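Trainee: quick one, structure for this:
(4 chains, ligands or ions: 4)
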2 protein chains.
Amino acid sequence: MSYQKAEEALRKADIRITRIRREILAVLYELGHPVSHGDISSEEQLRNFDRVTLYRNLNLLLEKGLVHGVLGTDGSWRYCAHPKDVEGCPGRHPHFLCMECGRMFCLPDQAIPFVEVPSDFEVAGKQFVIYGRCAECRNKGKDTEK
Amino acid sequence: MSYQKAEEALRKADIRITRIRREILAVLYELGHPVSHGDISSEEQLRNFDRVTLYRNLNLLLEKGLVHGVLGTDGSWRYCAHPKDVEGCPGRHPHFLCMECGRMFCLPDQAIPFVEVPSDFEVAGKQFVIYGRCAECRNKGKDTEK
DNA sequence: CCATCATCTGCAACTCTGTTGCATTATGAT
DNA sequence: ATCATAATGCAACAGAGTTGCAGATGATGG
Ligand SMILES: [Mn+2]
Ligand SMILES: [Mn+2]
Ligand SMILES: [Zn+2]
Ligand SMILES: [Zn+2]
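Mentor: Ligands and ions are numbered 1, 2, ... in the order given. Got it, this is the predicted structure:
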């Protein structure tokens, strides 16, 4: 079960262990791909928590680096955590967003490429989102396409 | 003046020439870096148009490829057009967002790097945003930094 | 140069994502 | 078990962007 991993991560990050935090991390570990606030809140285990509390905890987990966040080109954030990322989950890889089903996929095998910025600029982070249609949605389309 | 360029581009894209469209394009051509709806709407020449009309026209110009859009990690879109991009302005380059002043900069000298996606996915586009602090904001900070 | 009709504009209302303030409740250290 | 501190729930708010519709505007053909 992912609860062990979740508690371990929370302890390591030195933040209080509460039910919602355990559940959020467990859900993200199981799913393994970035999901929106809405997706998370409709998971069985999280359905009864207040949406604000969910937002606040997602932000906390982001700050503490237990979760990484990706802003989709649809304008909403996805949250993702991989249990294997021992030292937090920096998410330094590109992501793919399917604009038909709204699912987001990590492309973890390649690092976000280096890009030159003016030398007097200070880089805090990067987001690389590729958007289009996922395999599943392409297949569904094939019947209907004229 | 950029009005010539603007009208030319509108004619080429085969959309009606209206005052707001001419003004939007002229403003974007002059500024030459991505700006938000809010920035545009507070430009002298555009201050008296309705914000909805501005949104609708920005979307039209995006669709027609006369303008490129970049979603900042602050969650709002910036719009940009370079007059030299004769065949529309695809914006296929990374952008830098200063999280202090909110300004966005094109990094036009480098293409958005190629990234492998699963072969059965269909790529429609990419967004590569680097965020941090611009040179100007770093300098301003130096006085105040303890 | 005017009539016509498609298109564009302005206004009001709305949606969606995310945030803030505050009173109440749970957590964990003692 | 006690208590201070931190987390939660609820209501209200904020900002970006969209939709529906009535009335104005611009391209076109006579
Ligand atoms: Mn990821
Ligand atoms: Mn650009
Ligand atoms: Zn899909
Ligand atoms: Zn700046």
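
Trainee: not counting its neighbours along the chain, what's nearest residue A:133?
Mentor: Excluding its sequence neighbours, the residue lying closest to residue A:133 (CB to CB, 6 or more residues apart in numbering or on different chains) is residue B:122, at 4.3 Å. Every residue, glycine included, has its C-beta placed from N, CA and C.

Trainee: check whether the strand ranked longest in chain A contacts DNA strand C.
Mentor: Counting residues, the longest strand in chain A under DSSP state E turns out to be strand A:122-133. No. Judged by CB under 7 Å from any atom of the strand, strand A:122-133 makes no contact with DNA strand C; its nearest approach is 13.0 Å.

Trainee: what element comes up after that strand heading to the C-terminus?
Mentor: Reading on from strand A:122-133 to the C-terminus, the next helix or strand found by DSSP states H and E is helix A:135-144.

Trainee: circling back: angle of the longest strand of chain A against strand B:122-133?
Mentor: With axes from the mean of the first three to the mean of the last three CA atoms, to 10 degrees applied, the angle from strand A:122-133 to strand B:122-133 works out at 170 degrees.

Trainee: quickly check: strand A:122-133 near ligand 1 or not.
Mentor: No. Figure legend: strand A:122-133 not in contact with ligand 1 (CB under 5 Å from the ion); closest approach 10.5 Å.

Trainee: show me what that strand is packed against.
Mentor: Judged by 3 or more CB pairs under 8 Å, 6 or more residues apart in numbering or on different chains; DSSP states H and E, strand A:122-133 is in contact with strand A:68-71, strand A:95-98, strand B:122-133.

Trainee: what packs against the first one?
Mentor: The contact analysis (3+ CB pairs under 8 Å, 6+ apart) places strand A:68-71 against helix A:51-63, strand A:77-80, strand A:122-133.

Trainee: interface residues of chain A facing DNA strand C?
Mentor: Proximity of chain A to DNA strand C, by CB under 7 Å from any atom of the strand, involves residues A:16-19, A:36-38, A:51-52, A:55-56, A:59, A:75-77.

Trainee: just the closest of these to residue A:8, please.
Mentor: Compare each of those with residue A:8 using CB to CB and the shortest gap goes to residue A:17, at 10.0 Å.
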